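Novice: Starting from these lines, generate the structure:
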Amino acid sequence: RVHISLMLIRFSLENWMSFRDRATLSMIASRERQHGECIPRLSKYQTGILPVTAIFGPNASGKTGLFSALDFVRSLVVDGTSHSDEPIPVQPFLPDAPDGTRPTHFILELLIDEIIYEFRGSLNGRSVLEEQLTVITSTSEKVMYRRRKGKPNFHKSLARDRFLRFVFNSTRDNQLFLTHSVLLNADRFRPVYDWFKNTLRLISPDFLFTSPERFPASGNPLHETMNERLRELDIGIERLEVEDIPSERLSLSGQELARLQADAGESRLVRLQGSGRNLVLGSRDGMPYAGKLVAVRREADGTEIRRDLDRESSGVQRIAALLPAIIDLSSGDRKSAVHVIDDMDRSLHTLLTVDLVRQYLARCSDTTRSQLLFSAHDLLLMDQHLLRRDEMWVTERRDPGTGSSSLIAFSEYGDIRYDKDIRKSYLKGHLGGIPRPGSRHS
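Specialist: Okay, here's the model as predicted:
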């Protein structure tokens, strides 16, 4: 039985980077039957939710824009702003951005413990213009609160909650009410906040290994799981370890070391500013320590060779960065999470990338509550034996006048049969989303 359900249902954005008009990424399964055994089912809503989505498209077509928009909303919810004069780091569509008056919009539908929440906002670089949280059940929709022009409108069940009104009245113009309410320990909307903080996990192309996850120490069951997965990937790495470094070799003052350890928490990885090194800083048995990540290889005669992870190939470093997601996604429903990976195939062999997706999907069923969203260029992933048409999307700059991006699912093309080689149609330009050398948007 799945005790806690945490998934992304839908994400819309407007006036963000290359997306001038509204673009919507939907994880709701279409009526097609292909790979139906892998589709999680929400019986209460009589719908299926896709466990995976792949986004293809040429460079500068909007793939990273989608990733950065999710990252922006997550940061705005979880971290917020620190003072009233801090600008909101929106990235509006450039041709419309000179005066910064046109607002950026976002809408997310989230599944939290079998209940769907819709969270939406409208903002510019100075203030949150609108904010709304709606609870969607199988029979009704309840707007729990709506913020518009600085005024609140609460659902009748909350209308007499004086503390919530106090929280709202003390919310700065450049802060989300959702964020401020959690900061002041008003837990009414904490599940939504926690979804962004704990469930949404983004991995960028330059993502550091295990950041912000804790590095599993030797003896931790997760440590052995991590190394088992490394050996299964057959990249020549026997295991990853943390090798202690005397703090005096870090060339840091005691104050700097204490600050970094406080930021890192318990055994978290940080990159020392200006050093270009991946180092683990934390505490062990109540004492501060520093360490570096090393990859251990085993020679044919059994000899072990240890080398700094930073000296390994970019492919090995990329796999190391993906390990937290790989472990989570291979653990079934023990941990629900939404992993969003930009350029998943970066520095990886094509067969390894395909195998990672295939292994994840092999564990998916109607009770799955984890998700994998990724962008990629590798066309071997564009395979209907692997993914359904509604699980494959393409970004393209279609407007020659402004260069604005669009987002479309392959399932929206009516002439794509389930047994068709979708790659051929894509490469011929029938589905959009391919580079056009010589054009100004290539």
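Novice: Output the longest strand belonging to this structure.
Specialist: The single longest strand within the chain, with elements called by DSSP state E, is strand 287-298.
Novice: what inclination does the next helix or strand after that one have with respect to strand 287-298?
Specialist: Scanning forward in sequence from strand 287-298 by DSSP states H and E, the next helix or strand is strand 304-308. Relative orientation of strand 304-308 versus strand 287-298 (axes from the mean of the first three to the mean of the last three CA atoms, to 10 degrees): 130 degrees.
Novice: on that earlier part again, just the C-alphas of the longest strand of the chain, formatted as PDB.
Specialist: The C-alpha trace of strand 287-298 is given here as PDB (Å, rounded to 0.1, in the frame of the first residue of the first chain):
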ATOM      1  CA  MET A 287      33.700  16.400  15.700                       C
ATOM      2  CA  PRO A 288      34.200  18.400  12.500                       C
ATOM      3  CA  TYR A 289      35.800  16.700   9.500                       C
ATOM      4  CA  ALA A 290      36.600  17.200   5.900                       C
ATOM      5  CA  GLY A 291      37.000  14.600   3.100                       C
ATOM      6  CA  LYS A 292      37.300  14.200  -0.600                       C
ATOM      7  CA  LEU A 293      35.300  11.800  -2.800                       C
ATOM      8  CA  VAL A 294      37.400   9.100  -4.300                       C
ATOM      9  CA  ALA A 295      36.500   6.400  -6.900                       C
ATOM     10  CA  VAL A 296      37.900   2.900  -6.200                       C
ATOM     11  CA  ARG A 297      38.800   0.700  -9.200                       C
ATOM     12  CA  ARG A 298      39.800  -2.900  -9.000                       C
END
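Novice: List the strands paired with that strand, with their directions.
Specialist: strand 239-245 (antiparallel), strand 278-284 (antiparallel), strand 304-308 (antiparallel) (DSSP bridges).
Novice: For the closest residue to Pro87 other than its chain neighbours, which residues are in contact?
Specialist: Excluding its sequence neighbours, the residue lying closest to Pro87 (CB to CB, 6 or more residues apart in numbering) is Gly125, at 4.9 Å. Where C-beta positions appear, they are placed from N, C-alpha and C, glycine not excepted. Neighbouring residues of Gly125 by CB atoms under 8 Å, 6 or more residues apart in numbering: 87-90, 100.
Novice: As JSON lines, the residues you listed with secondary structure would be great.
Specialist: Formatted as JSON lines, the contacts of Gly125 follow (DSSP: H, G, I helix; E, B strand; the rest coil):
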{"residue": "Pro87", "secondary structure": "coil"}
{"residue": "Ile88", "secondary structure": "coil"}
{"residue": "Pro89", "secondary structure": "coil"}
{"residue": "Val90", "secondary structure": "coil"}
{"residue": "Gly100", "secondary structure": "coil"}
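Novice: Give me the helix or strand of this structure that scores worst on average pLDDT.
Specialist: Among the helices and strands of the chain, strand 268-271 carries the lowest confidence by mean pLDDT, DSSP states H and E, at a mean of 50.
Novice: what stretches of the stretch 151-300 of the chain score poorly on pLDDT?
Specialist: 207-222, 246-289 (pLDDT under 70).
Novice: what ranges do the helices span in it?
Specialist: Applying DSSP state H, counting those that start in this stretch to the stretch 151-300 of the chain gives helices spanning 162-169, 177-183, 190-194, 221-232, 254-264.
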